[in-house]
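Asks: Need a 3D model of the sequence below.
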Amino acid sequence: MSPLKGRVTLATVAGSAGVSVATVSKVLNGRSDVSASTRARVQDVLEKHGYVGRRPEPVQHETVELFYQGVLNSYSVEVIQGVLDAGAAAGVEVVLSSRPPHPSRHSAGRAAPWVRDLIASGRRAAVGITSELSDADLAALSRARLPLVIIDPADVPQPDVTSVGSTNFAGGMSATQHLLDLGHRRIGYIGGPPTSACNQARMSGFRSAMDAVGAEVPKDYIWLSNFLYDDGLAGGSMMLDLPDRPTAIFAGCDEIAVGVMEAARARGLRIPDDLSVIGFDDTQVARHASPQLTTVKQPLREIGAVAVRTALQLAVGEPIASHHVELATTLIVRGSAAPHGLSSVAAS
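Replies: So this is what the prediction gives:
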């Protein structure tokens with residue numbers, strides 16, 4: 001079926017599906033008096049041609065869709081709390097949903113049905129956490145004039161997609177510089193997906209600080225996977241089993257850092273005497289670790305709040321200061337990093 005040209009209306013969908021306009025309307029409204037085969041045929045046409053429909057009249061309680069992709073962790077919980085708090089302050093209800101990752105943001109495929117669901121549900125705006133959307137999804141949201149704000153985009157954000165994050169590059173530099181100031185030169189980096197924009201920025205900050213003092217970063221001193229505890233455990237195990245292991249590791253998030261600490265303990269290494277570890281985020285995980293984790297603080301709740309406030313500004317047509325907002329990071333010094341050479345084991 002070739003794509004319909006021009007504006008896709010109920011009449012054009014009905015003609016393509018070989019049904020009446022009333023039948024298409026019933027399918028869109030979830031009516032039960034449509035046969036399964038007819039419903040499937042109409043839905044196929046709707047999906048193939050990216051029909052999203054008109055936004056309904058405002059409902060009594062305005063709602064914002066908050067969606068995430070992947071596994072909930074300590075980072076996302078903090079961001080979600082910020083979104084909920086800001087929504088409550090604005091008198092807006094927040095609907096939380098999970099969306100599976102799209103196979104390719106640059107795919108020329110059809111818009112996901114969930115985009116139509118957002119419009120039909122009368123959402124005022126949509127906020128995504130570390131999300132990746134297809135070009136078809138972005139086009140559908142744009143046609144429906146539904147504002148979208150992405151928190152920490154899963155890849156490098158497009159110029160016309162509004163996003164909120166933190167100063168990841170500066171944070172990566174400050175963490176690494178702290179370890180360098182403590183006398184470390186053999187420093188490893190364990191981070192998230194290679195395509196993740198925030199991971200790229202943190203690793204670039206790490207490399208920049210290392211380059212500034214002429215410190216070598218062997219290829220085995222870089223491990224990229226996901227922002228999860230198990231990735232810290234695996235990456236830490238690999239690095240700590242090297243003949244010339246790092247004396248310090250900068251982890252791309254707190255959960256990775258705690259995984260690294262466990263890998264060290266399993267090998268009889270003490271934190272921070274034998275290995276210094278720094279994380280990123282400053283979640284509850286950092287404060288509950290033993291010893292407490294030195295980490296780069298992101299204002300996660302404020303990031304969530306800024307995303308909601310920005311989305312609501314866009315929803316009413318108010319101008320925004322920037323389409324890409326970065327909130328400042330701060331190094332929080334606790335007990336997981338110490339001067340190099342504190343232990344004879346670390347100096348070996």
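Asks: three-state assignment of residue 94?
Replies: Here residue 94 is recorded as strand under DSSP: H, G, I helix; E, B strand; the rest coil.
Asks: give the contact list for it.
Replies: Residues near residue 94 by Cβ atoms under 8 Å, 6 or more residues apart in numbering: 63, 64, 66, 83, 84, 87, 308. C-beta here means a position set from N, CA and C on the backbone, and glycine is covered the same way.
Asks: what do you get for residue 198?
Replies: Neighbour list for residue 198: 152, 165, 166, 168, 192 [criterion: Cβ under 8 Å, 6+ apart].
Asks: hang on, it is in a strand, isn't it?
Replies: No: counting by three-state DSSP, residue 198 falls outside a strand, being helix.
Asks: Need the per-residue pLDDT for it.
Replies: The model reports residue 198 with a pLDDT of 93.
Asks: Which residue ranges make up the domains of the chain?
Replies: Following automatic domain parsing, one finds the domains of the chain at 10-48, 63-167+301-326, 168-298+331-347.
Asks: Only the buried subset of the contacts of residue 94, as a PyMOL command please.
Replies: Only the buried entries of the contacts of residue 94 go into this PyMOL selection, using 16 or more other Cβ atoms under 10 Å:
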select buried, resi 63+64+66+83+84+87+308
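Asks: Out of the contacts of residue 94, the closest to residue 41 would be?
Replies: Nearest to residue 41 out of the contacts of residue 94 is residue 63 (Cβ to Cβ; 30.8 Å).
Asks: How many residues are close by the residue nearest to that closest one when sequence neighbours are not counted?
Replies: Of all residues not flanking residue 63 in the chain, residue 93 sits nearest, at 4.7 Å (Cβ to Cβ, 6 or more residues apart in numbering). Per other Cβ atoms under 10 Å, the neighbour tally for residue 93 reads 15.
Asks: Just say which of the domains of the chain is most tucked in.
Replies: The highest mean neighbour count among these, using mean count of other Cβ atoms under 10 Å, belongs to domain 168-298+331-347: a mean of 21.
Asks: How far off centre is it?
Replies: 21 Å (Cα atoms, centre = their mean, to the nearest Å).
Asks: okay, stretch 322-335 in PDB with CA atoms only?
Replies: What follows is stretch 322-335, C-alpha atoms only, in PDB (Å, rounded to 0.1, in the frame of the first residue of the first chain):
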ATOM      1  CA  SER A 322      16.500  27.100  24.900                       C
ATOM      2  CA  HIS A 323      15.600  23.900  23.200                       C
ATOM      3  CA  HIS A 324      18.500  22.100  24.900                       C
ATOM      4  CA  VAL A 325      19.000  22.800  28.700                       C
ATOM      5  CA  GLU A 326      21.900  21.500  30.800                       C
ATOM      6  CA  LEU A 327      21.800  21.900  34.500                       C
ATOM      7  CA  ALA A 328      25.100  22.200  36.400                       C
ATOM      8  CA  THR A 329      26.800  19.100  38.000                       C
ATOM      9  CA  THR A 330      28.700  19.200  41.300                       C
ATOM     10  CA  LEU A 331      31.400  16.800  42.600                       C
ATOM     11  CA  ILE A 332      30.400  15.300  46.000                       C
ATOM     12  CA  VAL A 333      33.400  14.100  47.900                       C
ATOM     13  CA  ARG A 334      32.800  11.200  50.300                       C
ATOM     14  CA  GLY A 335      34.800   8.100  51.200                       C
END
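Asks: centre of the chain versus it, how much separation?
Replies: 15 Å.
Asks: What mean pLDDT does that stretch get?
Replies: 95.
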